[in-house]
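[1] Have a look at this fold, sequence not included:
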């Protein structure tokens, strides 16, 4: 037997047996009966040419590989089929027999199609039988990380269904999706992102979304009341905001007037930042010198002898607070059926009837949303950089350039050296060109150039150096400066050209915030969740 724990290889015996006397053993393929077509049955009427693999246990000959051939032979009324019977170890227990059976069947199905969910279930059965992921990987000639991903996928019925449907997900993506079984809305975002080439970006956004548990708790509370709730802002075609609707008599609509079945709660998190001094007094942001803080994290990373500008306070002497509130914006489903219509918009100045309190409330809400937009897009920009670095690191490991890309690569390198030569020396908290180059190239450029054995490889290393220089200037708030195209020292054009190059040559897909930086989208149009 191939997978016995003993080192002695047992010799099998070829027998010709009545197919009705054979016992169909458990099999990792679960749809054998369904695939037993008339055509397949006809193909064995003149005899089964490939022997069925079986083991003999307690006087029973049990089919390990060849259940469809055995079933078809029965249907065709064959008197006998060739069976290669392999003895089992005398000391083999149930778990050992299970392991041997599954490994035999996995080996067999390498030559023919096996449903993805069946293979996942087989790997899971090996783990349940006591095999470690490392041993399973070795026995199946698979990478251990793929076995780990498979065991994660095995726990998700949703992901298994998608695999069988041919959803186009990789095994790693499927494992990520399976981890969100508790969050169907997030799973749908990941599936949509996979179709648009943004899966890695969406996965990172979700992984960093520490507000997610609070949002899901509020969604669950609404569900208990029979109210539909989402954590991504509904589109105009999906629902209408309650504050933009009015009743037939012209009064503002309220959510209390809307039936529960027509209510849709958009749940979102609002993080409010504040600073206090040593005495606990709140300090306004406009008197703080934020340049003394790392641009990506509020750490004391600036040199100790750096002093704040005149009239400003040192943030390193203050305490930073973040207060999170879960907010709900109400929407209405089927507003037309309820007799609700869109309110007419007026762009004139507020009427004298409007109280100062009403104007103040509207201004405060606008300021809140603007602060939220800055926080969200800054975070999105930082996440996008992480994805770019990972993608570039994988892409630059190649030995040759993609077919037809050499002219664009040469132009990009030449433009970087001529028009943006100052970018190569970037060394700031927002980006260090030399460090980025070493990261995406997998080593020091000078060493790699010495090791390059072909012109293509040398050009790829040169390209990596140029890409790193551009990446070092992809500051997290670059999305805010896209209109400053022409002043001396502006990096707006260089950033946009860099992102377009990634799309055209490496096949990269831009996220929403990157589309803003590339000048393809307005920041105000980017969804905030």
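    Received the coordinates, thanks. All values reported here derive from a predicted model rather than from experimental measurement. Numbers count the residues shown, from 1 in each chain.
[2] what's the helix or strand hosting residue 121 packed up against?
    Assigned by DSSP states H and E, residue 121 falls within helix 116-128. If contacts are counted by 3 or more CB pairs under 8 Å, 6 or more residues apart in numbering; DSSP states H and E, helix 116-128 sits against helix 94-109, helix 133-139, helix 144-153, helix 157-164. No exception for glycine: its C-beta is placed from N, CA and C like everyone else's.
[3] From residue 244, how far off is residue 446?
    The spacing between residue 446 and residue 244, counted by CB to CB, to the nearest Å, is 60 Å.
[4] More neighbours: the two, which one.
    Neighbours per residue (other CB atoms under 10 Å) separate residue 446 from residue 244, with residue 244 holding more: 16 against 10.
[5] Please name the residues that touch residue 381.
    By CB atoms under 8 Å, 6 or more residues apart in numbering, the contact list for residue 381 reads 474, 475, 476, 477, 478, 479, 513, 514, 517.
[6] Can you check what pLDDT the model gives the closest residue to it other than its chain neighbours?
    The shortest distance from residue 381 to any non-neighbouring residue, by CB to CB, 6 or more residues apart in numbering, is to residue 476 (4.4 Å). The per-residue pLDDT reported for residue 476 equals 91.
[7] Tell me, how many residues neighbour residue 476?
    Neighbour tally, residue 476, other CB under 10 Å: 20.
[8] Assign it to helix, strand or coil.
    Assigned by DSSP: H, G, I helix; E, B strand; the rest coil, the conformation of residue 476 is coil.
[9] Over to residue 334?
    At residue 334 the chain is in coil, as set by three-state DSSP.
[10] just checking, the residue nearest to residue 381 touches residue 374?
    No. Using CB atoms under 8 Å, residue 476 is not in contact with residue 374, being 10.3 Å away.
[11] how close does residue 368 get to residue 232?
    For residue 368, the distance to residue 232 equals 19 Å [CB to CB].
[12] Please apply the same query to residue 136.
    Here residue 136 is placed at a distance of 38 Å from residue 232 (CB to CB).
[13] who's more crowded, the two?
    Using other CB under 10 Å as the criterion, residue 136 and residue 232 rank with residue 136 on top: 26 against 15.
[14] Residue 65 versus that one, what's the distance?
    Remark: distance between residue 136 and residue 65 (CB to CB) = 19 Å.
[15] Which positions in stretch 149-160 come out as buried?
    If you call a residue buried by 16 or more other CB atoms under 10 Å, then stretch 149-160 has these buried ones: 149, 150, 151, 152, 153, 154, 156, 159, 160.
[16] gap between the second one and residue 144?
    Right, the one you point to is residue 150. Per CB to CB, residue 150 is found 10 Å from residue 144.
[17] Check the third one too.
    If you measure residue 151 against residue 144 using CB to CB, the figure is 11 Å.
[18] Please enumerate the shared neighbours of these two.
    Jointly contacting residue 151 and residue 144 under the rule CB under 8 Å, 6+ apart are residue 133.
[19] so how far is residue 142 from residue 149?
    From residue 149 to residue 142 the distance is 10 Å (CB to CB).
[20] Could you do residue 195 as well?
    27 Å.
[21] ok, now residue 214?
    Using CB to CB, we find residue 214 at a distance of 39 Å from residue 142.
[22] Give the residue spans of this protein that score low on pLDDT.
    Counting by pLDDT under 70, the ranges of the chain that qualify are 1-10, 90-92, 108-113, 294-305, 345-361, 485-489.
[23] Show me the residue sitting in the middle of it in space.
    Most central in the chain under CA atoms, centre = their mean is residue 203, positioned 3.0 Å from the mean C-alpha point.
[24] ok, and for the strand or helix carrying that residue, which residues are buried?
    Here residue 203 sits within helix 199-207, counting by DSSP H and E. Buried residues in helix 199-207, counted by 16+ other CB under 10 Å: 199, 200, 201, 202, 203, 204, 205, 206.
[25] try stretch 444-458
    Buried residues in stretch 444-458 (16+ other CB under 10 Å): 445, 448, 452, 457.
[26] Over to stretch 86-104?
    Buried residues in stretch 86-104 (16+ other CB under 10 Å): 86, 88-89, 92, 96-104.
[27] in terms of contact, does residue 31 touch residue 114 like I think?
    No. Look at residue 31 against residue 114 with CB under 8 Å: they stay out of range, at 9.7 Å.
[28] who has more neighbours, these two?
    Taking other CB under 10 Å, residue 31 and residue 114 do not tie; residue 114 has more neighbours (18 against 13).
[29] Not counting residues beside it along the chain, what's closest to that one?
    What sits nearest to residue 114 in space, not counting adjacent residues and going by CB to CB, 6+ apart, is residue 29, at 6.1 Å.
[30] Now that neighbour: phi and psi?
    For residue 29, the backbone dihedrals (degrees, to the nearest 10) come out as phi -80, psi 120.
[31] do you know how far it is from residue 83?
    Per CB to CB, residue 29 is found 18 Å from residue 83.
[32] more neighbours, those two?
    Legend: neighbour count by other CB under 10 Å for residue 29 and residue 83, higher for residue 83 (26 against 19).
[33] so who does that one touch?
    By CB under 8 Å, 6+ apart, the neighbours of residue 83 are 14, 15, 16, 17, 22, 51, 52, 53, 54, 61, 63.
[34] In a markdown table, list those residues along with secondary structure, neighbour count and distance to residue 41.
    Compiled in a markdown table, the contacts of residue 83 are given as follows (DSSP: H, G, I helix; E, B strand; the rest coil; neighbours: other CB atoms under 10 Å; distance: CB to CB, whole Å):
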| residue | secondary structure | neighbour count | distance to residue 41 |
| --- | --- | --- | --- |
| 14 | strand | 9 | 24 |
| 15 | strand | 16 | 23 |
| 16 | strand | 11 | 20 |
| 17 | strand | 17 | 19 |
| 22 | coil | 22 | 17 |
| 51 | coil | 18 | 19 |
| 52 | strand | 24 | 16 |
| 53 | strand | 20 | 20 |
| 54 | strand | 25 | 21 |
| 61 | strand | 17 | 22 |
| 63 | strand | 23 | 17 |
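[35] for those residues, which one is nearest residue 420?
    Distances from residue 420 to these, taken as CB to CB, are shortest for residue 53 (64.9 Å).
[36] who's that closest one bridged to?
    residue 65, residue 84 (DSSP bridges).
[37] residues touching it, list them.
    By CB under 8 Å, 6+ apart, residue 53 lies in contact with 63, 64, 65, 66, 83, 84, 86, 104, 108.
[38] again, only using 7 Å
    By CB atoms under 7 Å, 6 or more residues apart in numbering, the contact list for residue 53 reads 64, 65, 66, 84, 86, 104.
[39] show me where the protein has strands.
    Ranges of strands within the chain are 13-17, 23-24, 52-57, 60-65, 81-86, 228-230, 240-241, 245-246, 263-276, 282-283, 319-332, 341-342, 427-428, 431-432, based on DSSP state E.
[40] For my notes, please list those in TSV and give distance to residue 119 for each entry.
    Formatted as TSV, those follow (distance: least, CB to CB, whole Å):
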stretch	distance to residue 119
strand 13-17	29
strand 23-24	20
strand 52-57	18
strand 60-65	15
strand 81-86	23
strand 228-230	35
strand 240-241	47
strand 245-246	52
strand 263-276	38
strand 282-283	59
strand 319-332	41
strand 341-342	53
strand 427-428	49
strand 431-432	43
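[41] Among the ones you listed, which comes closest to residue 439?
    strand 431-432 (9.7 Å).
[42] That closest one: how far from the chain's middle?
    With CA atoms, centre = their mean, to the nearest Å as the basis, strand 431-432 stands 26 Å off its chain's centre.
[43] Other residues contacting that strand?
    So strand 431-432 is contacted by 426, 471, 472, 473, 474 (CB under 7 Å, 6+ apart).
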